[in-house]
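Novice: show me the folded form of this:
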Amino acid sequence: DALKYITEFFEQNKENIDLVAIPLKLFGKVTWDHPLQYKFYKTRVVDINKEYNAIQLSSSSAFIKVEAIKGRKFDETLKYAEDAKLLTQIILDKQKYGIVKEALYHYRKRDDESSATQRGPKDKDWYLDYLDKFSLETLEYTFKKLNKVPDYVQYLVMYDIQWRLNVGDASEVLNEKERELFFIKLKSVLKYISFTMLYSQKKLNIHRRNFLYNLKYDKTHSEEYSLHFTKDDVVLKNHWGSTVCSLKDQKPVIELLYEDKNELIIAGNLGSYFDKSQFDIVAKLNGKDLAVNEIDRKTHDIYTVNHLVKSYKGFEIRIPFSKINENSIVELFLSVDSHVVPVELKFEKFSKLNVKKGMNYTALNKLIVSYENGKIRLRQTKKKKVLKLELQYLKKIKLKKMKDIKTFGFRTLWLFLYLLKTKSIWIFMDRQDKADDNAEHLFKYVQTQNNKKIKSYFIIKKDSPDYKRLKKIGKVVPYRSWKHKILFLLS
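Specialist: Next comes the predicted model:
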């Protein structure tokens, strides 16, 4: 009934609109909602001066009056966004268009990634030619037509550019001079983009938005932001005096918590509005300073087309077991020019602490590590204590949803196996579906050692060609299986 709904809508609004858009549903390689799906909450006439973010880029999901197309055609020299360019020109005539939510267009994302939108990042024209012939020409056309560039067009141009800006490494497509040219062209585009529309791009990391702002206004971090000291905090303010963030609100991320020989290792990172050169990470054990080593965390660094946008500070704290008593407390602080501020922490999955879901402890071989009231607490591992902590956690789980029931079941099974465990569990993994990398070679080596205190397992998808081959070497467990999850908790 799509054509019926669309025809009726045109007849009801024929004087106000030249174009009707319908929702677009992805299928094939991906099935998630299209990022612009939010605008299809009801059938209506969209006034682009009131709904600047209700942008329309796809001609496949649009129906256009014949008279609106006369004298117009797609830009055949443009490989990408040629439909968005034409549709924008049509919509600008009446600055309104229609949305019919009852119809639906199915858009296929191909498994071989052969569609234009999928292969774009590997094409030089997707970066350079696109900025000239779509972004700049659309902005210049709009300004010439209206003597201004409405928020709708600004938002549309920035929305479509952001997918280029989210490419970290384009070195296989653009050489150094071409990357420099990309930013020169981008700066020309940004002349038309307001502060509000620049920061309205929700799919663009905040650090990339800050980079665009600095590029637009020729600012550096130190020129744009300044430090202001209070009695118990350090505040970062922008050049017009607004508070951007405070030191006490920063949360270092704990990525790893593990035991190595005679030490507990705590490793993590922090990226924030503060430049990493502006602050130091301070750690204390029972009120006494611990050494904090700065380590490489370049894997977290954020790039835009090979330009470094944000550099993260990595840190590692090594605590000898000999310094840990039965109830030791580790606290982390951030320090700026001798101003030391206590901070709370966040935990990634490999730390085995899921504080958000109430899982605030993990039992290592020698230590129980828990997070309470913004502090890391260390105690000797005793099965009786683990039993008590786990039962406390299980009581918090509300058995209303299937995933909660599964969690309860897994944790109960884990607890039973943990109490019976007499050997260390080691798990090895390269990629989800492929081995033959460092983990496999280490796995092979461990099998030759015949260490009776260790049980070792290799994790890989069951349909991987390497699965059967690895079974001839040692014990193999399917990726994401219940056994994999239990072993991960026991390891």
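
Novice: Asn210 is in contact with Lys219, correct?
Specialist: No: counting by Cβ atoms under 8 Å, no contact exists between Lys219 and Asn210, whose distance comes to 9.4 Å. Yep, even glycine has a C-beta here, placed from its N, CA and C like the rest.

Novice: for those two, indicate the residue with more neighbours.
Specialist: Counted by other Cβ atoms under 10 Å, Lys219 and Asn210 do not tie: Asn210 has more neighbours, with 21 against 15.

Novice: and the more buried one, how far is that from Ile281?
Specialist: When Cβ to Cβ, to the nearest Å is the yardstick, Asn210 and Ile281 sit 22 Å from each other.

Novice: elements contacting the longest helix belonging to the chain?
Specialist: For the chain, the longest helix by residue count, based on DSSP state H, is helix 402-420. Based on contacts counted as 3 or more Cβ pairs under 8 Å, 6 or more residues apart in numbering; DSSP states H and E, the elements that helix 402-420 packs against are helix 383-396, helix 482-490.

Novice: ok now the shortest one, how far from the chain's centre?
Specialist: Its chain's C-alpha centre and that of helix 482-490 lie 26 Å apart, by Cα atoms, centre = their mean, to the nearest Å.

Novice: packing partners for it?
Specialist: Taking 3+ Cβ pairs under 8 Å, 6+ apart as the contact definition, the neighbouring helices and strands of helix 482-490 are helix 402-420, strand 424-428, strand 454-460, strand 475-478.

Novice: what lies in contact with it?
Specialist: The contact list for helix 482-490, computed with Cβ atoms under 8 Å, 6 or more residues apart in numbering, reads 352, 410-411, 413-414, 417-418, 421, 425, 427, 457, 459, 477-478.

Novice: and which of these is nearest to Asp1?
Specialist: For the contacts of helix 482-490, the minimum distance to Asp1 (Cβ to Cβ) is 44.8 Å, reached by Pro478.

Novice: does the closest one touch Lys461 like I think?
Specialist: Yes: Pro478 is within contact range of Lys461, at 6.7 Å (criterion: Cβ under 8 Å).

Novice: now for these two: what residues contact both?
Specialist: Residues within reach of Pro478 and of Lys461 at once, by Cβ under 8 Å, 6+ apart, are Tyr467.

Novice: how close does the most centrally placed residue in the chain get to Tyr479?
Specialist: Computing the C-alpha centroid of the chain and ranking residues by Cα atoms, centre = their mean puts Asn205 first, at 8.0 Å. The span separating Asn205 from Tyr479 equals 29 Å under the rule Cβ to Cβ.

Novice: same check on Ile69?
Specialist: Looking at Ile69 against Tyr479, where the rule is Cβ to Cβ, the gap reads 51 Å.

Novice: just grab the bridge partners of Asp20 for me.
Specialist: That one is not Asp; residue 20 is Val. The residues listed as beta-bridge partners of Val20 by DSSP bridges are Phe63, Gly98.

Novice: give me the neighbour count for it.
Specialist: Using other Cβ under 10 Å, Val20 has 24 neighbouring residues.

Novice: can you tell me the element the nearest residue to Tyr273 once chain neighbours are set aside falls in?
Specialist: Spatial nearest neighbour of Tyr273, excluding adjacent residues (Cβ to Cβ, 6 or more residues apart in numbering): Cys245 at 4.6 Å. Assignment of secondary structure by DSSP states H and E places Cys245 within strand 243-246.

Novice: list the strands paired with that strand, with their directions.
Specialist: When sheet partners are counted by DSSP bridges, strand 243-246 sits next to strand 234-238 (antiparallel).

Novice: if we can go back for a sec, list the buried residues in the longest helix of the chain.
Specialist: If you call a residue buried by 16 or more other Cβ atoms under 10 Å, then helix 402-420 has these buried ones: 407, 411, 414-415, 418.

Novice: ditto for stretch 390-397
Specialist: In terms of neighbour count (16+ other Cβ under 10 Å), stretch 390-397 has its buried residues at 390, 393, 397.

Novice: let me have these in a markdown table, extended by distance to Val340.
Specialist: As requested, the buried residues of stretch 390-397 are exported to a markdown table (distance: Cβ to Cβ, whole Å):
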| residue | distance to Val340 |
| --- | --- |
| Glu390 | 35 |
| Tyr393 | 33 |
| Ile397 | 38 |
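
Novice: of those residues, closest to Leu19?
Specialist: When the buried residues of stretch 390-397 are compared for distance to Leu19 (Cβ to Cβ), Ile397 comes out closest, at 51.0 Å.

Novice: enumerate every residue touching that closest one.
Specialist: Taking Cβ under 8 Å, 6+ apart, one finds 358, 404, 407-408, 411 in contact with Ile397.

Novice: repeat that for 7 Å
Specialist: Contacts of Ile397 were listed using Cβ atoms under 7 Å, 6 or more residues apart in numbering, and they are 404, 407-408.

Novice: in TSV, list these along with distance to His484 and pLDDT.
Specialist: Listed next are the contacts of Ile397 as TSV, based on distance: Cβ to Cβ, whole Å; pLDDT from 0 to 100:
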residue	distance to His484	pLDDT
Asp404	20	83
Thr407	15	81
Phe408	18	85
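
Novice: still on that earlier bit, biggest separation within the buried residues of helix 402-420, which pair?
Specialist: Within the buried residues of helix 402-420, two members stand farthest from each other by Cβ to Cβ: Thr407 and Tyr418, at 15.7 Å.

Novice: hang on, the earlier thing: which one of the contacts of Ile397 is nearest Gln89?
Specialist: Within those, proximity to Gln89 (Cβ to Cβ) peaks at Asp404, which comes in at 52.2 Å.

Novice: check the nearest residue to Ser61 once chain neighbours are set aside and give its pLDDT.
Specialist: Of all residues beyond its chain neighbours, the one nearest Ser61 is Tyr105 (4.1 Å), with distances taken as Cβ to Cβ, 6+ apart. Among the per-residue scores, Tyr105 holds a pLDDT of 88.

Novice: in stretch 136-153, what counts as buried?
Specialist: Buried residues in stretch 136-153 (16+ other Cβ under 10 Å): 136, 138-139, 141-142, 149-153.
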